[in-house]
Every structure is written in structure tokens, then in C-alpha cells.
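**Student:** sequence unavailable; structure follows:
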């Protein structure tokens, strides 16, 4: 069946450095690629998403890139801050509101 | 708007007991979903609904039932709890339509089955 791999599983960076999380997926029919951030004790929250007709999208310090040929997409966080510390999940699905598949998550720690 | 609400926040059950996890949303979203979250495994879809009266199975539906009698509510029923169902359960809602897709998650229910 479809699956999503996510790397690394844990990531520690110094405040101000960049963080990159990479995901690969198996379903070539996937067209929707959101990223969710989950803080301790809370539900996940969407931080950015990209659709298959776009190769890159930026929102302030956050960017997502998509390579549909290679079936991978990445999250880039620049100028990291302690409040960026959380678990990040990549997700993909055929449509934005169809069944979606979550990656296993990356625990990001930003060290002040 | 309250968004997505879930009750209870915590629950302890004994093996074989049944219970219902409640989920409600006040955003008039068409789509609602139930996930379970286990360490190192991300979120796995249990059941989902594309509208009132319509439900379908996700990746891990065994041991769970759902119904969707109204747009607002999407309860998850555990018929006979097992220790393997110890997990954190999240409900989410999504607005249908072109360009939509954000899933809004509730705060979760932490369930322990002894």
C-alpha cells in the first residue's frame, strides 16, 4: 500500500541555523503535500502545503519543495527559533480532503 | 468558533469495556476524520466521513465504529476495548472544495486500556 518515509526522525540545530526534513512517498497519484507541526500535548496544525502543479512554495521562514519525478518533498526552515521546536509531519494524498497518509514524524529541537 | 472539540481528554478503560469518544466541530466542515497516534508511527486514519450519513474505513478500522448523523458530530465507538487500543486519538475536520484541504485537529483524547 501507499506509505510515506520521513527523515531524519530527530534533528537538533542551533538557534539561527536552518533545518531540512525530507519525505518520500510511493503513490504516484498523490497531488497534495501538506506539512503539520505538533507541539507537545496538542493536535497537529498545518504550517504549509503544496500541490502537484507547483515546485516550491515559501511562507516567511518556511519553504516546501516538491519533486514529483523523484517522489520526494522537503520542508526547509530558516533562521530557526526555539519556538520551532516540535514534531513535524509530512503528509500526502490524492486530493486535499481525500484519505491522506502521515509520515512518522521528525522531532526538531532548536537549541538556544 | 470553538473549532474542533473532543471529550474526554483522558480515559482509562478495562479490557472488554466499551466507550464513545466524542468529537464536534462548529465550522460546518463536510469532512471529518479519526486518527490514532502511537509513538514513532505518525497518525493513522481509523475512519472518515465525507458528509452526514456517509462513513468509510481508513487504514486501521478494526475494533472501532463510527456514525455521522449530523454535520457537526462524529463519535468514535470502541466496542470491546483491548490494550492494543491504548493510544492518543485525534479528530479532525476539513472543508471540502477546490483549494481547501487544511485539516483542523482537536486537542486529542489519551486512552489507556488496562
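**Tutor:** The structure has been received and is ready for your questions. These numbers were taken from a predicted model, which means no experiment stands behind them.

**Student:** which residue is the nearest non-sequential neighbour of residue A:31?
**Tutor:** With sequence-adjacent residues excluded and distances taken as Cβ to Cβ, 6 or more residues apart in numbering or on different chains, residue A:31 is closest to residue A:52, at 4.2 Å. (C-beta placed from N, C-alpha, C; glycine too.)

**Student:** number of residues surrounding that neighbour?
**Tutor:** 15 (other Cβ atoms under 10 Å in any protein chain shown).

**Student:** that one contacts residue A:67, doesn't it?
**Tutor:** No - Residue A:52 is beyond contact range of residue A:67, at 10.8 Å (criterion: Cβ atoms under 8 Å).

**Student:** burial count for residue B:31?
**Tutor:** 22.

**Student:** again but with residue A:10, I slipped
**Tutor:** 10.

**Student:** that one - nearest residue in space that isn't next to it in sequence?
**Tutor:** residue A:107 (4.8 Å).

**Student:** just residue B:60 next, same as before
**Tutor:** residue B:44 (5.0 Å).

**Student:** so what's the residue count around that neighbour?
**Tutor:** Counted with other Cβ under 10 Å, residue B:44 comes out at 16.

**Student:** residues in contact with it?
**Tutor:** A:102, B:35-38, B:58-60 (Cβ atoms under 8 Å, 6 or more residues apart in numbering or on different chains).

**Student:** roughly how far apart are it and residue B:35?
**Tutor:** 6 Å (Cβ to Cβ, to the nearest Å).

**Student:** list residues touching both of these two?
**Tutor:** With Cβ under 8 Å, 6+ apart as the test, residue B:44 and residue B:35 both reach A:102, B:58.

**Student:** so the residue nearest to residue A:10 makes contact with residue A:89?
**Tutor:** No - using Cβ under 8 Å, residue A:107 is not in contact with residue A:89; the gap is 10.7 Å.

**Student:** these two: who's more crowded?
**Tutor:** Each of residue A:107 and residue A:89 has its neighbours counted (other Cβ under 10 Å); residue A:89 has more, 25 against 14.

**Student:** how about that one, secondary structure?
**Tutor:** Assigned state for residue A:89: strand (three-state reduction, DSSP: H, G, I helix; E, B strand; the rest coil).

**Student:** contacting residues for it?
**Tutor:** Contacts of residue A:89 by Cβ under 8 Å, 6+ apart are A:6, A:35-38, A:44, A:102-103, A:105-106, B:42-43.

**Student:** what about the strands in the chain?
**Tutor:** You didn't pick a chain, so chain A it is. A:4-7, A:10-14, A:19-25, A:32-38, A:45-51, A:56-59, A:62-67, A:72-77, A:86-93, A:100-102, A:106-111 (DSSP state E).

**Student:** the intended chain is chain B.
**Tutor:** Under DSSP E, chain B gives strands at B:4-7, B:10-13, B:19-25, B:31-37, B:43-51, B:54-57, B:64-66, B:76-78, B:87-94, B:103-105, B:109-113.
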